[in-house]
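S.K.: here is a sequence together with a model predicted from it:
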Amino acid sequence: MKTRKLLIFLASSVAALALVAIVSTFFLLTNQGDKSASGSKDQTTSSVTNDDDRSIDIVNEADANPDDKGKLAIYAGGADDLMGEDLPDTANNYTSQYFIIKNQIIHYTVAGTRTGQAVINKNPKTEAATWGGVTAQSCVDNKNTHFIAHNPGAFNVLTQLKNNDMITVVDSAKKKRNYRVRVITRVDDKAYEIGTKRDYWSIITGTGGGERITLQTCLSRTTNLIVIAY
């Protein structure tokens, strides 16, 4: 009788231990599964956060609205590529207005944005024209006038200029003034400086900044040489 009770007790103990083992194993596996799922979720969240924080596709201020302003339009071909265009009837006689640059005399016409391109296309090898700034250059108005001409052509001499070189201008009133080269840079057709993307539009085509002149010619179909003298 005692032996039977002992066997029953041992069987019950073994069953109890087995049940404990099964339950423990279940909780252990469940806990590991939760940890694995939690780790996977944290990794995904971290990845999303990293994606949000990446500085990609940054839009430069210069590229924000490239069509909001006009284009610095000088046909990039140069003198040998031009057939010559008929000048507007309003084009002025240029005989009394000229530059002296590196001992070269270059005549210019008072034209402005509407006719400047046609003027230089008519005489690409010998003539410049006003485009931006004050349309009629004055050596005493304390403002900027912007001139354009072709390269190769009338303004190929600009590629030889260095800072502090002198440019002499005679205006339509026969007033003469010497300007010193202070800035030489390159810009694209939207007037953004090559490399830095600095916006030169108002500097080139505006009237402010005191008595000065801004000369522009093409280096390629997309790059322009800018010389500012005062």
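M.R.: Looks like it came in fine.

S.K.: give me the distance between Arg180 and Arg114.
M.R.: When C-beta to C-beta, to the nearest Å is applied, the distance between Arg180 and Arg114 equals 31 Å. C-betas here are computed from N, CA, C, even on glycine.

S.K.: what about Ile105, neighbour count?
M.R.: By other C-beta atoms under 10 Å, 11 other residues sit near Ile105.

S.K.: er, Pro152 actually
M.R.: Per other C-beta under 10 Å, the neighbour tally for Pro152 reads 16.

S.K.: list phi and psi for it.
M.R.: Per-residue torsions, Pro152: phi -60, psi 150 (degrees, to the nearest 10).

S.K.: ok, and what's touching stretch 132-140?
M.R.: For stretch 132-140, contacts defined as C-beta atoms under 8 Å, 6 or more residues apart in numbering pick out 97, 108, 110-113, 130, 141, 143-147, 169-173, 175-177, 204-207, 211, 213-214.

S.K.: now swap in stretch 147-162 and tell me
M.R.: 74-75, 77-80, 82, 99, 101-102, 104, 106, 108, 116-117, 120, 123-131, 137, 167, 181, 184, 213-219, 225, 227.

S.K.: recalculate using a threshold of 7 Å.
M.R.: By C-beta atoms under 7 Å, 6 or more residues apart in numbering, the residues outside stretch 147-162 that reach it are 74, 78-80, 101-102, 104, 106, 108, 116, 120, 124-131, 181, 184, 213, 215-218, 225, 227.

S.K.: buried subset of those residues?
M.R.: 74, 78-79, 101, 106, 108, 116, 120, 124, 126-131, 181, 184, 213, 215-218, 225, 227 (16 or more other C-beta atoms under 10 Å).

S.K.: re earlier: of the contacts of stretch 132-140, keep whichever come out buried.
M.R.: Using 16+ other C-beta under 10 Å as the burial test, those include 97, 108, 110-112, 130, 143-147, 169-172, 177, 204-207, 213-214 as buried.

S.K.: wait, is His107 part of a helix?
M.R.: No - secondary structure of His107 (DSSP: H, G, I helix; E, B strand; the rest coil): strand, not part of a helix.

S.K.: per-residue confidence for it?
M.R.: Note on His107: pLDDT of 97.
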